[in-house]
Every structure is written in structure tokens, then in C-alpha cells.
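1. predicted model, plus sequence, below.
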Amino acid sequence: MKKVKVFAPASIGNVAIGFDFLGLALEQPGDELTITEGDKPGIVIQEIIGDNGKLSKDVLKNTASFAAHRLLQHLGQSEVPVKLTLHKKMAMGTGLGSSAASAVAGVYGMNEYLGSPLSKKELLPFAVEAEQMADGAFHADNVAPSLLGGLVFVRPEKSLNHICLPMPWDLSIVMVFPHMQILTSESRAVLKKEIDLKSFITQGCNIMQCTSALYTGDLEQFRDGFKDLIIEPQRAHLIPDFYDIRDIAEKNECIGYSISGAGPSLFALFDQEESAKNYLSQVESYFESNQKKADCFISKVNNQGAKRID
Ligand code: HSE
């Protein structure tokens, strides 16, 4: 029987300096999707594992099936009979790009199932549409890195014009997920619609400095510019441990620290693996001594993005 199994990784949206237009793919975790031949025309979600019953099996309400459905429609093949089994490997509302990973798995898996009629890049709009269906906003800062891998600049506009940026350092990324949920819609609702001129200039400088550093490989320039003056200060209060964890990251000489996507996950970048491990164990002790729960793990950058695993 025809069968395709794919993996689509978690990702960090915004990456501090690129609200809605910059994303970074992680090696792990990631969603897995299996597609097999169905018994009737169209898509059926056979099973969803690992979501605690929270996700809809309605094809038009689930990002994996919605993205696959939009691709089939585009190709004029809506009648292709398929069954999907989605294995969620990350919780929703954590800031790890969970809905985006499922959307990418859906569209990438379906394209593989059909013998790859479209290139990876051509799949981007279908996954973005699915992400928009889930959180109401049009941005591809999770979908693009999950699909394409690495660090991606992508315009949050219809063109979805994007550039896969170089990543000249072997960074260790420490992810901290404090056990709480923040809805993307809530985290977006706290943001002011205007910014002042001084902040605009400083943030523009930070973006230029970091982008240049990615091409020159100057890590100190990158560290110096990797600061978000606009979005992070408006959202930090949503995450009670944000500033304490930042102190620990700074003591361990992180390259940068910020909120992953809409939160509540927090990421810190390190060029020394030893520092990443020290930070991780200090953060774990912090949560333990405050009788709070958090999941912490270290990942490298995922340069491949979505891939076929069977
Ligand atoms: N760029 C988005 C945000 C990512 O920060 O709201 C979350 O989906």
C-alpha cells in the first residue's frame, strides 16, 4: 500500500528582531504525519496522537489537513482518497510553532504522496493559509523555517518573498517552556499599533547589524544588535519568569535571549555548548526551587526543514 511519512520541525518565530518576518527551525521536536490510501474520495483524518484530544478532526479546521486540502484543490485533485495520521510531538500554545509544523507536514507530505509536483518553495502559500486559518493573522515566520529549514526572512505579505539567511555559527539553542499557555491572539492583542521614531531607528539599526553579521560572521556584532526594543517589552509581563530567566541567560554569556514566537517559550542562543548546558541546569534548578514546572531542552539549528522519514 502506498504510504508516505514526513517530519516537520518546531521553529522560533520572530527570533527577537524580526516580528512576523524572521524564523528559525529547530532540530527537535517536530510533528510527524503519515499519509496512506483512503477508501473514499478526499482527505480523512484517521487519527491524531499526542494532542490530548484538543485538535479537530474536521479537515477544514486542522492545519495539517487544511494545507493538504488546499494543495489538492490547487492541483485539481481534490478527489484523491487519503487518510492522515498526525503525531503531535509538541503542545499547542507554547510558542514552538506547533500549528505551523502541522501545516507544513500536511502540505509537504501530500506533495510527496503525489510524487512531488511542486517544489518546497511553491508549497509555502498553502501552509501559510492553514496557519492563518488557525491564528487569524497572516505571517510565515514559523511556516517558512519549518518547511525550508535554517533562518528565514519572509515578508508577511501575499508575495511571501523570502530569503534563506546564512547561519555562520554552530549555535546551541536552549528552549525553556514554562508550563502555561498563551494564545497567539492574546499575545498579539497586547501590542500597540504605533512605535516612536527613536525605537524605530534603534530597532532598524539592530536588524541591519545582525543581518550584516550573518554575512560577515562577526558574532560580537550579532550579539550587540540582537535585541528587541519593540515587541518583547510589551509581551514580557505575560511570562512571569521572563526577567529572572533572562538574568540567568546573561550570567552564562548568551548570544541572545527572547520570547519564542508569541510565547510563553523562551529561547537563548549560545556559541559554547558548555554555557548552554550550564544555563539549562541553572534554569531547571530555578523552576524547581520556585516549585514551578518547565520543560527545557537544547537543540541545534535544523538546516533541512521538512523531510520524508518513510
Ligand atoms: N510572529 C508571531 C507572533 C508568531 O509573534 O505573534 C506566533 O505565531
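-> Perfect, thanks for sending it.
2. the stretch 151-300 of the chain: helices as residue ranges?
-> Counting by DSSP state H, counting those that start in this stretch, the stretch 151-300 of the chain has these helices, from start to end: 184-189, 197-216, 219-225, 232-235, 242-251, 273-289.
3. Throw these into JSON lines and include mean neighbour count, thanks.
-> In short, each C-beta sits where N, CA and C put it, glycine included. Below are the helices of the stretch 151-300 of the chain laid out as JSON lines (neighbours: other C-beta atoms under 10 Å):
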{"stretch": "helix 184-189", "mean neighbour count": "16"}
{"stretch": "helix 197-216", "mean neighbour count": "14"}
{"stretch": "helix 219-225", "mean neighbour count": "16"}
{"stretch": "helix 232-235", "mean neighbour count": "16"}
{"stretch": "helix 242-251", "mean neighbour count": "16"}
{"stretch": "helix 273-289", "mean neighbour count": "16"}
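4. tell me which of those sits nearest to the ligand.
-> In terms of C-beta to the nearest ligand atom, the element of the helices of the stretch 151-300 of the chain nearest to the ligand is helix 184-189, at 4.6 Å.
5. just confirm yes or no for the closest one near the ligand.
-> Yes - Helix 184-189 is in contact with the ligand by C-beta under 6 Å from any ligand atom, via 184, 187-188.
6. D224: what's it in contact with?
-> Residues in contact with D224, defined by C-beta atoms under 8 Å, 6 or more residues apart in numbering, are Q209.
7. tabulate the residues of helix 184-189 next to the ligand in CSV, adding columns for pLDDT and distance to Q73.
-> Below are these laid out as CSV (pLDDT from 0 to 100; distance: C-beta to C-beta, whole Å):
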residue, pLDDT, distance to Q73
T184, 89, 26
S187, 95, 31
R188, 95, 28
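8. nearest to K158 among these?
-> Each of the residues of helix 184-189 next to the ligand was scored against K158 by C-beta to C-beta, and R188 proved nearest at 19.5 Å.
9. tell me the angle of the lengthiest strand in the chain relative to helix 197-216?
-> Taking DSSP state E as the assignment, the strand of the chain that covers the most residues is strand 22-37. Relative orientation of strand 22-37 versus helix 197-216 (axes from the mean of the first three to the mean of the last three C-alpha atoms, to 10 degrees): 70 degrees.
10. show me what strand 22-37 is packed up against.
-> Judged by 3 or more C-beta pairs under 8 Å, 6 or more residues apart in numbering; DSSP states H and E, strand 22-37 is in contact with strand 3-13, helix 63-75, strand 82-87, helix 98-113, helix 143-148, strand 151-154, strand 172-178, strand 294-299.
11. identify whichever of these lies nearest to the ligand.
-> By C-beta to the nearest ligand atom (comparing all of these), the closest turns out to be strand 3-13, at 3.4 Å.
12. on that earlier part again, the longest strand of the chain: which residues count as buried?
-> Using 16 or more other C-beta atoms under 10 Å as the test for burial, strand 22-37 gives 22-27, 29-36.
13. distance from the worst-scoring helix or strand of the chain on mean pLDDT to the middle of the chain?
-> One helix or strand of the chain scores below all others by mean pLDDT, DSSP states H and E: helix 184-189, with a mean of 92. Averaged C-alpha coordinates place helix 184-189 at 16 Å from its chain's average position (C-alpha atoms, centre = their mean, to the nearest Å).
14. also stretch 282-297?
-> Distance, centroid of stretch 282-297 to centroid of chain: 23 Å (C-alpha atoms, centre = their mean).
15. and the contacts of that stretch?
-> Contacts to stretch 282-297, defined as C-beta under 8 Å, 6+ apart, come from residues 28, 174-179, 241, 244-245, 248, 251-252, 280.
16. that one: end-to-end distance?
-> 12 Å (C-alpha to C-alpha, to the nearest Å).
17. average pLDDT for that stretch?
-> In this model, stretch 282-297 carries a mean pLDDT of 98.
18. just to revisit the earlier point, close to the ligand, is the longest strand of the chain?
-> No - counting by C-beta under 6 Å from any ligand atom, the ligand has no neighbours in strand 22-37; the shortest distance is 8.1 Å.
19. tilt between that strand and helix 98-113?
-> Going by the same axes, to 10 degrees, strand 22-37 makes 50 degrees with helix 98-113.
20. domain parsing for this protein?
-> Domains of the chain are assigned by automatic domain parsing as 3-165, 172-299.
21. measure the first one end to end?
-> Meaning domain 3-165. 33 Å.
22. now stretch 301-310: buried residues?
-> By 16+ other C-beta under 10 Å, the buried positions in stretch 301-310 come out as 301-302, 305-306.
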